[in-house]
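Compute the structure for the input listed below.
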Amino acid sequence: MKSTLSSSLFMGLALVSLSVAAQDATLPKTFEDPSSVDVQITAHVVEPKAVEPPANLADRVKLPAGFQIEVFADKLINPRMLAMADNGAVYVTRRSVGDVLMLRDNDGDGQADQREVVASRPQMHGIAVQGSTMYLVTVNELYRADIGRNGTLGELELLLDDLPDAGQHPNRTLVVGPDGKLYLSVGSTCNACGESNIENATMLQVEPDGSKRSIYASGLRNTIGFGFHPVTGELFGMDHGIDWLGDNVQHEELNHILKGEQYGWPYIYADSRHNPQDQPPGDISMDTWAEQSREPVGYYTPHAAPMQLAFYTADQFPEAYHGDAFVAMRGSWNRKPPSGYEVVRVLFDEAGKPTGFEPFLTGFLSEKNEEQASGPGPTWTQTARLAGVTVANDGALLVSDDSNGIIYRISYTGEAASGADASPGAFTNSDGANVRVSPGAAAGTLAERPAELSHELVNATDTDLNLKSPAFEHDASIPQKFGAEGENISPPLSWEKGPEGTESYVIFMEDPGVSKKPPFVHWLVYNLPPDVNQLREGIPAAPLLADPKGTLQGQNDRGALGYFGPRPPKGQPAHSYHFQVMALDTTLELPFGATRAELLEAVEGHVLARGGLVGTFKR
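Next comes the predicted model:
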């Protein structure tokens with residue numbers, strides 16, 4: 001586990017502190033060691049009946065005092081993700097329609113009086129605006145377009161067309177980071193499984209032109225809602241918990257998303273608890289996987305289904321809201337009682353550290369006791385499935401209801417709002433004891449990966465171990481099938497056995513011809529047994545290899561484990577790729593997924609012999 005969770009739990013607006021025992025009651029200890037217990041799970045399929053939103057909506061929903069709600073636009077069919085532009089236009093994607101709609105409130109009355117389709121692609125979903133540029137993402141494609149003065153879009157420019165195919169979670173989302181790069185969430189194809197595509201269940205980082213795509217963080221089941229804190233620039237996201245672990249398990253997780261980290265899915269959830277239905281690959285234990293996983297900084301009621309997240313940076317709401325985040329909770333289908341169907345406020349302190357959750361907009365979910373075929377019992381109805389949130393230029397909060405085709409506008413008037421009392425302590429979630437934030441480490445102070453160490457590449461003439469490949473000669477071209485756009489398989493390698501005292505081998509593959517230092521890492525292999533002096537082609541991208549047994553793989557600069565083939569920028573001359581093998585007098589006490597810096601630090605003082613091989617590659 002990479003962060004320590006406290007036992008502070010928060011319920012509704014009251015922020016009630018509960019004991020660790022309460023936590024244990026909702027996160028059963030029987031899941032901690034699924035191999036030694038007969039795990040029994042009780043789960044329900046409960047889909048509240050959809051009913052028309054009432055005409056007296058403002059009297060039915062609940063908001064904190066001083067806030068009011070009105071309809072900004074309706075009859076939109078399927079409004080999903082929202083974005084604002086500097087020109088005052090509101091943009092919304094419509095996944096089922098396959099387009100982007102521009103909405104404008106030209107007369108300033110709080111309602112859209114202009115609507116126009118400005119882009120069209122099947123399964124359009126994610127949207128982000130940066131100045132006069134819009135980015136859009138479907139299941140497989142990423143687009144960019146210029147925003148005209150009248151709000152319409154120029155020609156869509158295709159930046160990527162090979163994002164992973166969809167499965168259970170096809171709804172890609174993206175934001176533009178403070179660094180100008182794109183951060184793109186790709187959900188898992190399944191509830192819980194070992195993915196065959198390394199980009200599933202990840203957060204990708206992409207340059208604005210679609211180049212230099214890498215895995216920023218992994219082990220994220222489906223993080224639709226995420227954003228950068230406006231003060232610290234730290235990335236936070238709400239991840240969907242695993243289904244079928246029970247009504248009160250798995251919680252929706254608030255994660256502090258850091259570069260190069262993995263977050264447990266599908267094997268580990270919450271505070272290093274074991275998922276009983278899946279096992280890590282090879283001989284990796286649950287505990288080892290947990291040690292390599294970063295724990296959440298907060299929990300919310302299970303199965304509430306967090307969607308878009310937006311940090312509040314405007315001035316219309318009271319000052320206490322500045323720097324907090326709003327999350328649309330679409331609502332559960334597999335929990336009794338149901339959860340979600342609301343907008344939640346995530347509280348952050350002045351240092352940018354999350355401190356609690358508060359329900360902000362509720363009242364769309366209703367419960368009624370009535371006679372049923374199975375006898376008397378509760379039934380539930382819902383009047384909204386919330387999906388998108390964004391902050392309008394005037395400071396109001398816009399919220400989309402994708403099932404009823406409505407976008408709501410929430411504004412602050414400073415006067416008592418209509419409807420039920422929403423003062424602190426009045427809200428109680430359907431399972432308030434499960435609403436929790438763990439302080440964890442302060443945002444901006446969590447330890448990053450170790451600083452890169454200076455490292456001199458092995459000279460090709462320094463060949464104590466005579467590293468070779470049957471696939472290419474030294475300083476010759478590496479065959480295309482080993483490239484990232486070929487089969488992306490590792491080349492075969494062989495070397496002479498190390499001197500007496502050799503306990504293990506380490507292999508590096510690096511490209512020093514990139515515009516950064518240290519070189520770009522393509523492959524890290526370590527703890528190769530001392531009696532092994534060759535690797536076949538096509539080593540799988542597994543953290544722990546079954547053959548050679550006990551061999552671990554580290555993290556490449558694409559953000560994944562295992563091999564990533566040559567892929568120099570288009571139009572550049574051939575790059576040189578340096579392979580190194582080192583014979584060590586020790587077995588490294590490193591877990592899987594080590595970085596180049598961690599490996600270099602670990603091998604210092606232990607190298608008995610080494611060898612080098614250089615191959616060239618041009619796209």
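
Break the chain into its domains for me.
Per automatic domain parsing, the structural domains of the chain span 20-437, 476-617.

In CSV: the ones you listed, plus mean pLDDT.
Below are the domains of the chain laid out as CSV (pLDDT from 0 to 100):
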stretch, mean pLDDT
domain 20-437, 88
domain 476-617, 94
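
and those as CSV, adding distance to Asp464 and mean neighbour count?
Yep, even glycine has a C-beta here, placed from its N, CA and C like the rest. Converted to CSV, those look like this (distance: least, Cβ to Cβ, whole Å; neighbours: other Cβ atoms under 10 Å):
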stretch, distance to Asp464, mean neighbour count
domain 20-437, 31, 19
domain 476-617, 4, 19
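
Relative to Gly151, how far out is the nearest residue to Arg104 once chain neighbours are set aside?
Spatial nearest neighbour of Arg104, excluding adjacent residues (Cβ to Cβ, 6 or more residues apart in numbering): Gln114 at 4.1 Å. Separation of Gln114 from Gly151 (Cβ to Cβ, to the nearest Å): 9 Å.

anything in contact with each of these two?
Common neighbours of Gln114 and Gly151, counting by Cβ atoms under 8 Å, 6 or more residues apart in numbering, are Met102, Arg104.

From start to finish, how long is stretch 514-521 in a straight line?
10 Å (Cα to Cα, to the nearest Å).

Now do the residue lying closest to Gly395 once chain neighbours are set aside against Arg330, distance only.
Using Cβ to Cβ, 6+ apart and skipping the chain neighbours, the partner closest in space to Gly395 is Gln316 (2.6 Å). Using Cβ to Cβ, Gln316 is found at 25 Å from Arg330.

Equivalent analysis for Glu358, please.
For Glu358, the distance to Arg330 - Cβ to Cβ - is 18 Å.

Of all the domains of the chain, which one comes closest to Ser469?
When the domains of the chain are compared by Cβ to Cβ, domain 476-617 sits nearest Ser469, at 5.1 Å.

where do the helices sit along the chain?
Assigned by DSSP state H, the helices in the chain fall at 20-26, 57-60, 286-291, 596-603.

want to throw those into TSV with distance to Glu367?
Formatted as TSV, the helices of the chain follow (distance: least, Cβ to Cβ, whole Å):
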stretch	distance to Glu367
helix 20-26	20
helix 57-60	14
helix 286-291	37
helix 596-603	52
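
what's the closest of those to Asp162?
Here helix 596-603 is closest among the helices of the chain (Cβ to Cβ), at 26.5 Å.

The closest one packs against which elements?
With contacts taken as 3 or more Cβ pairs under 8 Å, 6 or more residues apart in numbering; DSSP states H and E, helix 596-603 sits against strand 504-511, strand 520-528.

Return the distance of the nearest residue to Thr301 once chain neighbours are set aside relative to Arg104.
Leaving aside its sequence neighbours, Thr301 sits nearest to Ser339 (Cβ to Cβ, 6+ apart; 4.3 Å). Distance of Ser339 to Arg104, computed by Cβ to Cβ: 35 Å.

same check, this time on Met307
Applying Cβ to Cβ to Met307 and Arg104 gives a distance of 24 Å.

rewinding a little: switch the domains of the chain over to TSV, and while doing so, append distance to Leu465 to every line.
Below are the domains of the chain laid out as TSV (distance: least, Cβ to Cβ, whole Å):
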stretch	distance to Leu465
domain 20-437	27
domain 476-617	3
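
on that earlier part again, looking at the helices and strands packed on helix 596-603, which is nearest to Leu397?
strand 520-528 (42.1 Å).

So in that sheet, which strands flank the closest one, and in what orientation?
Here strand 520-528 has these sheet partners by DSSP bridges: strand 504-511 (antiparallel), strand 552-553 (antiparallel).

Now tabulate those strands in TSV and tack on distance to Glu496.
TSV is the format used below for the strands paired with strand 520-528 (distance: least, Cβ to Cβ, whole Å):
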stretch	distance to Glu496
strand 504-511	11
strand 552-553	22
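
Of these, which is nearest Lys181?
Short answer: strand 504-511, nearest of the strands paired with strand 520-528 by Cβ to Cβ, at 20.3 Å.

tell me the contacts of Ser504?
Tyr526, Asn527, Leu528, Pro529, Pro530, Ala583, Leu584, Thr586, Thr587, Leu588.

Name whatever forms a beta bridge with the third one.
By that I understand Leu528. Under the criterion DSSP bridges, Leu528 forms beta bridges with Tyr505.

who's in contact with it?
Leu528 neighbours (Cβ under 8 Å, 6+ apart): Ser504, Tyr505, Val506, Ile507, Leu535, Pro548, Thr551.

hang on, the third one packs against Leu588?
Yes - counting by Cβ atoms under 8 Å, a contact exists between Val506 and Leu588, whose distance comes to 7.4 Å.

Can you pull the residues that touch both of these two?
Common neighbours of Val506 and Leu588 (Cβ under 8 Å, 6+ apart) are Tyr526, Asn527, Leu599, Val603.

Need those residues in TSV (columns: distance to Tyr321).
Compiled in TSV, these are given as follows (distance: Cβ to Cβ, whole Å):
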residue	distance to Tyr321
Tyr526	49
Asn527	51
Leu599	45
Val603	51
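
Out of those residues, which is nearest to Gly246?
Among the shared contacts of Val506 and Leu588, and counting by Cβ to Cβ, the member closest to Gly246 is Asn527, at 38.0 Å.

Identify the residues contacting that closest one.
Asn527 neighbours (Cβ under 8 Å, 6+ apart): Ser504, Val506, Gly550, Thr551, Leu552, Thr587, Leu588, Leu590.

which pair in those residues spans the largest distance?
Going by Cβ to Cβ, the pair spanning the contacts of Asn527 furthest: Val506 and Gly550, at 13.3 Å.

now Arg213: how far from Trp265?
For Arg213, the distance to Trp265 - Cβ to Cβ - is 21 Å.

Please apply the same query to Gly246.
Distance from Gly246 to Trp265, by Cβ to Cβ: 17 Å.

swap in Gln130?
For Gln130, the distance to Trp265 - Cβ to Cβ - is 29 Å.

Over to Thr93?
26 Å.

quick one on the thing from earlier: my guess is the residue nearest to Thr301 contacts Gly331, does it?
Yes - using Cβ under 8 Å, Ser339 is in contact with Gly331, at 7.2 Å.

Now for the two: what residues contact both?
Ala304.

Surely Tyr341 is in contact with Trp333?
No - taking contacts as Cβ under 8 Å, Tyr341 lies outside contact range of Trp333: 11.1 Å.

Can you name the residues that contact the nearest residue to Ala476 once chain neighbours are set aside?
Sequence neighbours aside, Gly615 is the residue nearest to Ala476 in space, at 6.5 Å (criterion: Cβ to Cβ, 6+ apart). For Gly615, the contacting residues are Ser469, Phe472, His474, Asp475, Ala476, Ser477, Ile478, Pro491, Ser576, Tyr577, Phe579, taking Cβ under 8 Å, 6+ apart as the criterion.

CSV for the residues you listed, including distance to Leu63?
Formatted as CSV, the contacts of Gly615 follow (distance: Cβ to Cβ, whole Å):
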residue, distance to Leu63
Ser469, 66
Phe472, 66
His474, 70
Asp475, 69
Ala476, 69
Ser477, 65
Ile478, 61
Pro491, 61
Ser576, 62
Tyr577, 59
Phe579, 62
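
if I look at the nearest residue to Leu142 once chain neighbours are set aside, how far off is Ile284?
Counting by Cβ to Cβ, 6+ apart, Leu160 is the residue found nearest to Leu142 once chain neighbours are left out, at 4.0 Å. Leu160 sits 32 Å away from Ile284, taking Cβ to Cβ as the criterion.
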